[in-house]
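# sequence? don't have it. structure:
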Ligand SMILES: [Zn+2]
């Protein structure tokens, strides 16, 4: 029998219970078995983290890990030229780059205290990257389909094959139960109507979760409302017929049957009250990616209203190309600053932000019975943040310390299923020297205009 591990810290924040000053978490195999004030066990029998805050692992509800090495190569704005440029960059990337790029992304997440990632992957390599890294995650296989190149049937057949390949990969790395799959029709402007109308039923038959980029920009709203704007122009240029539904993006999605309790809507920057009602009615979840929305000049999602409607919300870093880094504390802090600066309210409070970053994200992913809080019976997914840096002061309020002062380099421990994956600057599952030494080829397109 494996001896239980006891992890002790100055603060333990279970999230679904009151913070414990001088607390400890008892882990047995892959589960949390007890969360309690410091016991009489001698230090030699425990892993004492000292001046640290122990919290559930952070839940990143939206990423594209495979693009990690492209960070800095696409600074175009706003969204439409950025996407166009990204497509041009992607066309130049040698195929052998995607996996190490995704693994670098996984490494960055682990070093930031993230234990779960929902990743929308075009190439599909993130199934392997997540499985190998030890992270918990969901890979939404992304697909596109607006041109004549492939029929709906061909696209769905390919999707089936990709999902089968992911299952094989997950088994090969013994990641069953830790890594799961879903699908992602990329967006309204990249997936045609006939395909969008089939995909809700297709996913339901297979019990698959869905993720879509939705209502990210004004251009997308212009497209669905009036058939105008940059995306409409792109359809024109490519001589692809597009019949504007003359409604808001989420209204359109509701009419296609793609919305439901297993559907995650990413961004929702431009949603109107009517669309928020639809999101609530269909029990969709939302991934809030404030840094990506800011960097691409998209705006700020109406989070106050979305939360008030009871919609499950998680935070997402999006890709390193659109947010600059996968430091999850930066995401939390940016989310908090933007709400304060633009909505003139301290809500959500620091405690609520940490809840959104953990249990809220888990709820948005439908995984809150397994992860998101330090609760006996849940998976031992957790992270610890050292608070000895001057910026933390005496850290009288650990939630405020995490939201306003913590950074990825303060993370000293990241654990998934009771396994230590990252500790004190070292990755235990990833060969960082090899990844760093990978002969990355700079895409020439990055320097053309
Ligand atoms: Zn995205």
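Cool, the structure landed. From a predicted model like this one, the values you see are computed outputs, not experimental measurements.
# tally of neighbours for residue 78?
Using other Cβ atoms under 10 Å, residue 78 is surrounded by 17 other residues. Every C-beta, even on glycine, is put in place using the N, C-alpha and C of the backbone.
# need the contact list for the closest residue to residue 440 other than its chain neighbours.
In this structure, residue 440 finds its nearest non-sequential neighbour in residue 69, 5.6 Å apart by Cβ to Cβ, 6 or more residues apart in numbering. By Cβ atoms under 8 Å, 6 or more residues apart in numbering, the contact set of residue 69 is 97, 100, 101, 104, 440.
# ok, and the most crowded of those residues?
residue 101 (27 neighbours).
# so which strand or helix has that one?
Using DSSP states H and E, residue 101 sits in helix 98-110.
# same check on residue 402?
If you go by DSSP H and E, residue 402 is part of helix 398-404.
# what comes up buried for that helix?
398, 399, 400, 401, 402, 403, 404 (16 or more other Cβ atoms under 10 Å).
# same question, stretch 349-357
For stretch 349-357, by 16+ other Cβ under 10 Å, it's 350, 351, 352, 353, 354, 355, 356, 357.
# lowest-pLDDT helix or strand in this structure?
Of all the helices and strands that make up the chain, helix 79-92 has the lowest average by mean pLDDT, DSSP states H and E, namely a mean of 91.
# what residues does that one touch?
Helix 79-92 is contacted from outside by 67, 70, 73-74, 76, 122, 216-217, 219, 230-231, 234, 296-298, 321-322, 443-446, using Cβ under 8 Å, 6+ apart.
# narrow the residues you listed to those that are buried.
With burial judged by 16+ other Cβ under 10 Å, the buried subset of the contacts of helix 79-92 is 67, 70, 73-74, 122, 216-217, 219, 230-231, 234, 296, 298, 321-322, 443, 445.
# how far does the helix holding residue 402 sit from its chain's centre?
21 Å (Cα atoms, centre = their mean, to the nearest Å).
# tell me which helix or strand comes right after it.
strand 411-416.
# what strands flank the helix or strand following that next one, and is each parallel or antiparallel?
Using DSSP H and E, the next helix or strand after strand 411-416 towards the C-terminus is strand 419-423. With DSSP bridges as the test, strand 419-423 is paired with strand 411-416 (antiparallel), strand 426-427 (antiparallel).
# got TSV for these, with mean neighbour count and distance to residue 116 too?
Formatted as TSV, these follow (neighbours: other Cβ atoms under 10 Å; distance: least, Cβ to Cβ, whole Å):
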stretch	mean neighbour count	distance to residue 116
strand 411-416	24	8
strand 426-427	15	17
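# now those strands in TSV, with distance to residue 286 and mean pLDDT?
Formatted as TSV, the strands paired with strand 419-423 follow (distance: least, Cβ to Cβ, whole Å; pLDDT from 0 to 100):
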stretch	distance to residue 286	mean pLDDT
strand 411-416	24	98
strand 426-427	31	98
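# out of these, which is closest to residue 259?
strand 411-416 (30.6 Å; Cβ to Cβ).
# and the contacts of that closest one?
With contact meaning Cβ under 8 Å, 6+ apart, strand 411-416 is reached by 7, 27, 49, 52, 57, 110-115, 134-136, 178, 379-386, 420-424.
# residue 405 and residue 391 touch, don't they?
Yes: using Cβ atoms under 8 Å, residue 405 is in contact with residue 391, at 4.5 Å.
# more neighbours: which of these two?
With neighbours defined as other Cβ under 10 Å, residue 405 and residue 391 compare such that residue 405 has more, 18 against 12.
# phi first, then psi, for that one.
For residue 405, the backbone dihedrals are phi -120, psi -30 (criterion: degrees, to the nearest 10).
# contacts only, for it.
Residue 405 makes contact with 389, 391, 392, according to Cβ under 8 Å, 6+ apart.
# max-length helix in the chain?
helix 152-172 (DSSP state H).
# which other helices and strands does it contact?
Counting contacts by 3 or more Cβ pairs under 8 Å, 6 or more residues apart in numbering; DSSP states H and E, helix 152-172 is packed against helix 126-133, strand 136-143, strand 179-185, helix 193-205.
# next, format those as TSV and append distance to residue 161 and mean pLDDT.
Listed next are those as TSV, based on distance: least, Cβ to Cβ, whole Å; pLDDT from 0 to 100:
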stretch	distance to residue 161	mean pLDDT
helix 126-133	13	98
strand 136-143	10	98
strand 179-185	12	98
helix 193-205	14	98
